[in-house]
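>>> Give the three-dimensional model of this entry:
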Amino acid sequence: MKRHNVLVVVDAQNDFITGSLANPVANERVPVIADIIRDYDWDLIVTTYDTHQPDYLKTKEGEKLPVPHCIYMEHGWQLDDRIIDALETVFKRENGPQQISVYKPTFGSEELVDHIWDYCEFEPADEVNIVMCGFCTDICVVSNALILKANFYNFGDIKVVANACAGVTPESHEAALTTMRMCQIDVVETL
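Have a look, this model is predicted:
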């Protein structure tokens with residue numbers, strides 16, 4: 001039996017931290033995410049990117065959230081430099097983790113599931129330990145956590161690190177954590 005340790009860093013992009021949807025709590029949580037990246041033995045690190053095109057305001061999401069953000073290849077779409085530094089540190093290590101990036105045009109991503117399945121190449125007794133962190137707890141983190149739980153419920157654990165996430169508001173962050181707990185996703189304060 002093999003246990004695969006997978007870290008999913010959800011949308012740790014400039015626009016959610018200091019850009020068009022800036023959040024001071026997210027900015028405070030970036031060093032926590034960077035430490036999680038550096039301080040644990042991951043087999044795979046997946047970074048997701050909220051990814052929109054210049055016509056974002058004409059999309060269904062843009063009609064409901066009329067703030068252009070995470071426009072592909074613009075500064076706001078890029079990962080925060082502190083996250084990039086942490087990733088570069090671990091990828092330089094001998095026997096460092098594999099890395100996959102997922103560009104997602106909506107909140108949750110089935111492609112994320114496909115990449116983890118493909119990477120793990122499950123044997124019947126294998127398990128996966130998926131740890132999640134990032135932004136926004138109440139939108140993209142919860143959406144992807146629920147998708148992963150639905151697909152990997154028989155193969156291991158999904159864990160969300162609360163102090164390595166930030167929601168749109170503190171109240172919506174807590175509501176998302178409650179939702180995930182109710183769906184049997186392990187929510188831990190720290191890792």
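>>> and the host helix or strand of Ile37, what other elements does it pack with?
Under DSSP states H and E, the secondary-structure element containing Ile37 is helix 24-39. Under the contact criterion of 3 or more CB pairs under 8 Å, 6 or more residues apart in numbering; DSSP states H and E, helix 24-39 touches strand 3-10, helix 14-17, helix 81-91, strand 127-135, strand 156-166. C-betas here are computed from N, CA, C, even on glycine.
>>> Tell me the buried residues in the helix or strand of the chain with the lowest mean pLDDT?
With mean pLDDT, DSSP states H and E as the measure, the helix or strand of the chain carrying the lowest mean pLDDT is helix 110-120 (a mean of 93). Along helix 110-120, these residues count as buried under the neighbour rule (16 or more other CB atoms under 10 Å): Leu112, Val113, His115, Ile116, Tyr119, Cys120.
>>> With just CA atoms, put it into CSV.
Extracted C-alpha coordinates of helix 110-120, given in CSV (Å, rounded to 0.1, in the frame of the first residue of the first chain):
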residue,chain,number,x,y,z
GLU,A,110,-12.9,18.4,-12.3
GLU,A,111,-9.5,18.7,-14.0
LEU,A,112,-8.0,18.9,-10.5
VAL,A,113,-9.5,15.4,-9.7
ASP,A,114,-8.2,14.0,-13.0
HIS,A,115,-4.7,15.2,-12.3
ILE,A,116,-4.6,13.7,-8.8
TRP,A,117,-6.0,10.4,-10.1
ASP,A,118,-3.5,10.3,-12.9
TYR,A,119,-0.6,11.1,-10.6
CYS,A,120,-1.5,8.5,-7.9
